[in-house]
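Asks: Got a predicted structure plus its sequence, pasted below:
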Amino acid sequence: MHSLAFPLLVGLICVALAFDYLNGLHDAANSIATVVATRLLSPLQAVLFAAVFNFAAYFLTILFPSLHAVADTIGKGLIDKDLITPAVVFGALVGAMFWNVVTWLKGIPSSSSHALIGGLIGSGIAHAGLAGIQWGGLNKTLIAIVLSPTIGMALAMIVMLLSSWALRNATARQAESNFRVLHLISSAAYSLSHGLNDAQKTMGIITVLLYSTGYLTGDFQVPHWVALSCYAAIALGTMTGGWRIIETMGSRITKLSQHQGFSASLAGSAVLFGASALGIPVSTTHTITGSIIGAGTARRASAVRWGVAQNVIIAWLITIPASATVGAIFYGITTLF
């Protein structure tokens, strides 16, 4: 016997896909900031380019099903899946979407991932208390908040140094031409890894919703139609773009050359592919920001506008508690009906 009427289930799935679309809209800057800032592609070309590779991640997971580990972490690794109800899912999604809209309007590159995690934790605690938290999954996610931008920054600096050495005998024109091609390839890799990690967060939410309502039986696995829908939704969101955040990510933190854009994109994609393989729902925003800072610092520390970077970090720190609070409030509202 299903515990939720089918029309209500469809409505919640639509809300989840709306979050996924908003995630793509909000995080479009993550994929295209470097290619827009360096004028490698026009904004329109860049969003289409990123959207195609966001969606292409679906085919990557068909070849490597183990890459869907992030969906498992979101669906059952943060809150006990047997304690999750439709009201918990609703509170989590609304909490995350509220924070995404606020930061999007303000042009703040906060994390959609951590907004969803915060919303789920806040709503889950409001429903079941601290006993419902899966501390192993939560702890590795919280650790990744610090590690993902730090590793991205370090890798970007290493890539800058190694690529400078590799092309040390090239003329300025040859180096620029090579880095334009490399930057385009690394940007494609980053968009692919961005779609892979971020779309899975909504997949996990929809899958646990199906599980909690009895519409999914047997093993906790993401149905193919759920995966396809989520990759399509995030790609459509990316096509819409988030221009205010693109400005912050692409030029206000530091001015980028093709060399730096390549280094930042390559470092960021390495972090995201690694996190996806480990089932860790990292923030694509944190990762690319750390990578951009690393690429800028490799040129000289003064090239980075640390005041802007500091404001971004403050937004990161309040994302989970803010979205958790809203998630708990909206869960509470559902109990009134």
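Replies: Here it is on my side, so go on.
Asks: where along the protein do the helices fall?
Replies: Applying DSSP state H to the chain gives helices spanning 6-37, 43-63, 69-76, 86-106, 112-128, 135-166, 172-212, 224-240, 243-247, 258-278, 284-299, 306-334.
Asks: Tell me the buried residues in the first one?
Replies: Counting neighbours by 16 or more other Cβ atoms under 10 Å, one finds that the buried residues in helix 6-37 are 9, 12-13, 15-17, 19-37. C-beta: built from backbone N, CA, C; applies to glycine.
Asks: now do the last one
Replies: The neighbour-count check on helix 306-334 (16+ other Cβ under 10 Å) flags 308-309, 312, 315-316, 319-320, 322-331, 334 as buried.
Asks: same thing with the fourth one?
Replies: For helix 86-106, the buried set under the neighbour-count rule, 16+ other Cβ under 10 Å, comprises 86-100, 102-104.
Asks: what's the angle from that helix to helix 172-212?
Replies: Put simply, helix 86-106 runs at 150 degrees to helix 172-212, going by axes from the mean of the first three to the mean of the last three Cα atoms, to 10 degrees.
Asks: Off-centre distance for helix 86-106?
Replies: When C-alpha coordinates are averaged (Cα atoms, centre = their mean, to the nearest Å), helix 86-106 and its chain have centres 14 Å apart.
Asks: wait, what's in contact with the spatially closest residue to Ala128 that is not a sequence neighbour?
Replies: Take Ala128 and drop its neighbours on the chain: the residue closest to it by Cβ to Cβ, 6 or more residues apart in numbering is Leu83, 4.5 Å away. The neighbours of Leu83, taking Cβ atoms under 8 Å, 6 or more residues apart in numbering as the test, are 124, 127-128, 132.
Asks: Which one (most neighbours) among those?
Replies: Gly124 (28 neighbours; other Cβ atoms under 10 Å).
Asks: so how many other residues sit close to the nearest residue to it once chain neighbours are set aside?
Replies: Excluding the flanking residues, the one nearest Gly124 by Cβ to Cβ, 6+ apart is Ile79, at 3.7 Å. The tally of other residues near Ile79 (other Cβ under 10 Å) stands at 25.
Asks: how much space between Ile79 and Ala328?
Replies: Taking Cβ to Cβ, to the nearest Å as the measure, Ile79 falls 13 Å from Ala328.
Asks: repeat for Ile280
Replies: Distance, Ile280 to Ala328, by Cβ to Cβ: 24 Å.
Asks: OK, contacts around the residue lying closest to Thr202 once chain neighbours are set aside?
Replies: Excluding the flanking residues, the one nearest Thr202 by Cβ to Cβ, 6+ apart is Asp20, at 4.0 Å. Contact partners of Asp20, counting by Cβ under 8 Å, 6+ apart, are 199, 202, 230, 233-234, 237.
Asks: Kindly reformat the helices of the chain as CSV containing distance to Gly218 and mean pLDDT.
Replies: Written out in CSV, the entries for the helices of the chain read as follows (distance: least, Cβ to Cβ, whole Å; pLDDT from 0 to 100):
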stretch, distance to Gly218, mean pLDDT
helix 6-37, 18, 85
helix 43-63, 19, 89
helix 69-76, 14, 94
helix 86-106, 20, 87
helix 112-128, 23, 93
helix 135-166, 22, 92
helix 172-212, 10, 93
helix 224-240, 15, 93
helix 243-247, 40, 53
helix 258-278, 24, 94
helix 284-299, 31, 84
helix 306-334, 28, 82
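Asks: For the closest residue to Leu116 other than its chain neighbours, list the residues it contacts.
Replies: With sequence-adjacent residues excluded and distances taken as Cβ to Cβ, 6+ apart, Leu116 is closest to Ala96, at 4.2 Å. Ala96 sits next to 19, 112, 115-116, 118-120, 323, 327 when contact means Cβ under 8 Å, 6+ apart.
Asks: Adding distance to Ala56 as columns, could you present the residues you listed in JSON lines?
Replies: Conversion of the contacts of Ala96 to JSON lines gives the following (distance: Cβ to Cβ, whole Å):
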{"residue": "Phe19", "distance to Ala56": "21"}
{"residue": "Ser112", "distance to Ala56": "20"}
{"residue": "Ala115", "distance to Ala56": "25"}
{"residue": "Leu116", "distance to Ala56": "23"}
{"residue": "Gly118", "distance to Ala56": "29"}
{"residue": "Gly119", "distance to Ala56": "28"}
{"residue": "Leu120", "distance to Ala56": "27"}
{"residue": "Ser323", "distance to Ala56": "29"}
{"residue": "Gly327", "distance to Ala56": "31"}
